[in-house]
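In: Sequence and predicted structure, then a few things I'm wondering about:
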Amino acid sequence: MTAHHDLHAFIAGLPKAELHVHHVGSASPRIVSELAARHPDSKVPSDPEALADYFTFTDFAHFIDVYLSVVDLIRTPEDVRLLTYEVARDMARQQIRYAELTITPFSSTRRGIDEGAFMEAIEDARTAAEADFGTVLRWCFDIPGEAGLESAEETVRLATTDKLRPEGLVSFGLGGPEIGVPRPQFKPYFDRAIAAGLHSVPHAGETTGPETVWDALTDLRAERIGHGTSSARDPKLLAHLAEHRIPLEVCPTSNIATRAVRTLDEHPMKEFVRAGVVVTINSDDPPMFGTDLNNEYAVAARLLDLDERGLAELAKNAVEASFLDDTGKAKLAADIDTYTSAWLAP
Ligand SMILES: Nc1ncnc2c1ncn2[C@@H]1O[C@H](CCC(=O)c2cccc(C(=O)O)c2)[C@@H](O)[C@H]1O
Ligand SMILES: [Zn+2]
């Protein structure tokens, strides 16, 4: 057996936390087929081979188009429940013990799903998934920025209205295209979400420059940055992220698939680590990008030249950067250490 093969096996069994992964973007071919069979008028192919083709993107805008066609497959609270529960099953198979799943409730409520039934569906799936698979789910509700301030108002309302706000909700985000969608306009909505006790985790610097990351820090009071890829072009920003221990949610394969970065070898994660920035590894929209979290850790191992201990440290970065409580963090970090020591024992 080669050392390379060993590292893959190590990753597969390593207990992990995932901080940046989208709800709809996690629908595997298996789940998409099931939803497409329920709604045969959809333009999304249900055959897994045709799906691989369908999930090949010319640029970020094309990716968003395809993404929204999968959003169109989710039409009833039962679709929402199925998607969420089955995503947790796929996570558990990869030893993902904890995940903060980014959900865009606006996309579902504007398509006519009842808001209360939507919340009930995700919460029902969350508790069932924890009981059946042992994977703990938490939610990040994100504003689809390109859909305008109406979507921001709706998202913050759903996130902060007592009767609606789901128990698993921990954070508030902002996604979609960044070009032509300046971050500062979302400040009042983030202020309200933060005042209601939610953590701020916007996407920034995925498809625009480092100034967007500064905006996310200054105006949206970001505690972690989704992607933050272009931070590499601004040494002052890297120093700021390192000093204030603002983690980056790095999603390497996503950046290639959406053509935000040209090749994996040009991915700046090494610069982030060198600058002392806390790096976490994530999968973003795994089946759409032909990846999963285990593969993202394998990519990171190659680009950062990590062995088992290095990978365990990376996994613990995600635990530390998560919104788990201290007891949950300590338990998951200890599980990572126990697993790693047992693996490396002679
Ligand atoms: N890599 C990514 N980088 C950024 N975002 C990503 C990524 N992957 C997935 N997303 C998700 O895509 C959504 C975008 C949805 C959107 O733009 C839109 C625009 C107009 C109308 C509607 C609608 O629903 O009617 C939706 C984001 O909110 C985010 O959750
Ligand atoms: Zn994302």
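Out: All right, it came through fine. Numbering: from 1, shown residues only. Ligands and ions are numbered 1, 2, ... in the order given.
In: Tell me how far the helix or strand bottoming out on mean pLDDT in the chain lies from the chain's centre.
Out: None of the helices or strands of the chain scores lower by mean pLDDT, DSSP states H and E than helix 48-54, at a mean of 85. Taking C-alpha atoms, centre = their mean, to the nearest Å, one finds helix 48-54 lying 22 Å from the centre of the chain it belongs to.
In: Please point out which parts of that helix sit buried.
Out: Buried positions in helix 48-54, judged by neighbour count with 16 or more other C-beta atoms under 10 Å: 51, 54. (Glycine included, C-beta is placed from N, CA and C.)
In: After that helix, heading C-terminal, what element do we hit next?
Out: Sequence-wise, the next helix or strand downstream of helix 48-54 (DSSP states H and E) is helix 60-71.
In: Any chance you could list what contacts that next one?
Out: 24-25, 27, 32, 42-44, 54-55, 57, 104, 107-108, 111, 146, 176-177, 207, 257-260, 285, 288 (C-beta atoms under 8 Å, 6 or more residues apart in numbering).
In: Which PyMOL command selects the buried ones in those?
Out: In PyMOL syntax, the buried subset of these is picked out as below (16+ other C-beta under 10 Å):
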select buried, resi 24+25+27+32+42+44+54+55+57+104+107+108+176+177+207+257+258+260+285+288
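In: So which of the contacts of helix 60-71 would count as near ligand 1 as well?
Out: 25, 104, 107, 146, 176, 258, 285 (C-beta under 6 Å from any ligand atom).
In: just checking, which of those belong to helices?
Out: Per DSSP state H, helices hold the following members of those: Ser107.
In: quick one: low-confidence parts of the chain?
Out: For the chain, residues meeting the criterion pLDDT under 70 lie at 1-5.
In: how about the residues of it that lie near ligand 1?
Out: Counting by C-beta under 6 Å from any ligand atom, the chain sits next to ligand 1 at 22, 25, 64, 67-68, 71, 102, 104, 107, 110, 142, 144, 146-147, 175-176, 203, 206, 254, 258, 284-285.
In: any chance you could map the strands in this protein?
Out: Applying DSSP state E to the chain gives strands spanning 16-22, 96-103, 136-144, 169-175, 199-200, 203-204, 225-227, 248-250, 279-281.
In: Great, nothing more from me.
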